[in-house]
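In: Provided below are the primary sequence and the corresponding predicted coordinates.
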Amino acid sequence: MARCQKRKFFYQAHSADKEYRKLLKECRLGIDVSEAEIRQYNELLCHGGRNGQSLHHIMEAHKDVFQKCPKTLYNYFNRGIFSLPRGDMPRMCMRKPRTVEPIRHKIDPKCREGRTLTDYKAYREKYTDIPEVQMDSVIGSTGGKVLLTLQLDCGMMLACLRDTNNSHSVIEYFDKLERKLGVDTFQKMFPLILTDNGPEFSNPTAIETSPDTGELRTRVFYCDPNAAWQKGKVENNHTNLRRILPKGCSFNKLTQNDVNLVLSHLNSYIRKAYDDIPAIARFSSLFGKEALDALNLEIIPPDDVILDPKLLKGKI
């Protein structure tokens, strides 16, 4: 009886699944070398490293052993695979592990259409008597609470403490301000806003539009990229703010009441740039004491003004 002489392969589900799981486990170990190879690498690297030999010298002297590229060996060092410390390998301490920058969701370029600095200048030429408000963010510790700052044309600075630095928190603050102040006072106080290209300002339409009436309540424009000097008033006033909240300090222990206290002292500070009239007094004369009370700010007597971290009594 004739038989087929070709080789035959049979699929066995159990065996295939076992091989798959073995491969999956090995892949997840993180390195594709056996323990025997690691021991051999380790012996050669320890011997050469303690004799002052570089990784390149050791690998070139043992080409038959090292089947990996130098970058892979550096990665093994950084992961602690070898017993030789990184500092004992010549030039190794100079080669730092590569850090991966987190993806930052920058402002959508379409948001700038009709809101660039050129558009801003054209708008100001058309409406010459409109005061300007400059907006920015002040960062505390990385990943912590953040301040939204608003510098009014009269010199008054407002600030909102936010848990996260996103566009939602900015929009929410403006909505609260409108309800506190009323539409008319809000429009008078914030007719025009100039800010930078931070992702927290990436929804200008929501900032410009009243959630209650759907009407336009302000106009938002953007500075050129990397041109903080174009909103110099708020940047300059940040230097005074940083006297109370030093750069690098955490805002996590602060409350909005603490921020209001800081603003009361900051805005009661006498500055030559504003004809020696405190910004808070100028603000009160323009918008009335009712607006000042709505913002929970108060005038501090000149002798009691404190621009120092001690104002917050150890909270930063």
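Out: Noted; the coordinates are in hand. Numbering: from 1, shown residues only.

In: Could you report the neighbour count for residue 243?
Out: 16 (other Cβ atoms under 10 Å). Quick note: C-beta positions are derived from backbone N, CA and C, even for glycine.

In: just residue 269 next, same as before
Out: 19.

In: gap between it and residue 241?
Out: To residue 241, residue 269 is 10 Å away according to Cβ to Cβ, to the nearest Å.

In: cool, and residue 272?
Out: From residue 272 to residue 241 the distance is 18 Å (Cβ to Cβ).

In: what about these two, which has more around it?
Out: Counted by other Cβ under 10 Å, residue 272 and residue 241 do not tie: residue 241 has more neighbours, with 19 against 6.

In: what's the next secondary structure element after the strand or helix carrying the more buried one?
Out: According to DSSP states H and E, residue 241 maps onto helix 232-244. Once helix 232-244 ends, the next helix or strand along the chain (criterion: DSSP H and E) is helix 256-267.

In: Which positions within that next one qualify as buried?
Out: 258-267 (16 or more other Cβ atoms under 10 Å).

In: Measure how buried residue 202 is and give me the count.
Out: 18.

In: Give the other helices and strands that the helix holding residue 241 contacts.
Out: Where contact means 3 or more Cβ pairs under 8 Å, 6 or more residues apart in numbering; DSSP states H and E, helix 232-244 is packed against strand 133-139, strand 146-151, strand 157-162, helix 256-267.

In: Paired strands for the first one, with orientation please.
Out: Looking back up the chat, that one is strand 133-139. Under the criterion DSSP bridges, strand 133-139 sits next to strand 146-151 (antiparallel), strand 193-195 (parallel) in its sheet.

In: most packed of the ones you listed?
Out: strand 193-195 (a mean of 23; mean count of other Cβ atoms under 10 Å).

In: Helix or strand next in line after that strand, which one?
Out: Downstream of strand 193-195 (by DSSP H and E), the next one is helix 204-208.

In: For residue 203, give its distance to residue 155.
Out: Residue 203 is 28 Å from residue 155, by Cβ to Cβ.

In: what about the two, which has more around it?
Out: residue 155 (21 against 18).

In: For the more buried one, which residues are in contact?
Out: 237, 267, 271, 273-274, 279, 282-283 (Cβ atoms under 8 Å, 6 or more residues apart in numbering).

In: Residue 297: which of the residues you listed is nearest?
Out: Nearest to residue 297 among the contacts of residue 155, counting by Cβ to Cβ, is residue 267 at 6.9 Å.

In: Does residue 163 touch residue 147 like I think?
Out: No. Judged on Cβ atoms under 8 Å, residue 163 makes no contact with residue 147 at a distance of 11.5 Å.

In: Would you state the helices of the protein in chain order?
Out: 13-27, 35-50, 55-61, 70-78, 117-126, 167-181, 183-189, 204-208, 232-244, 256-267, 279-287, 289-294 (DSSP state H).
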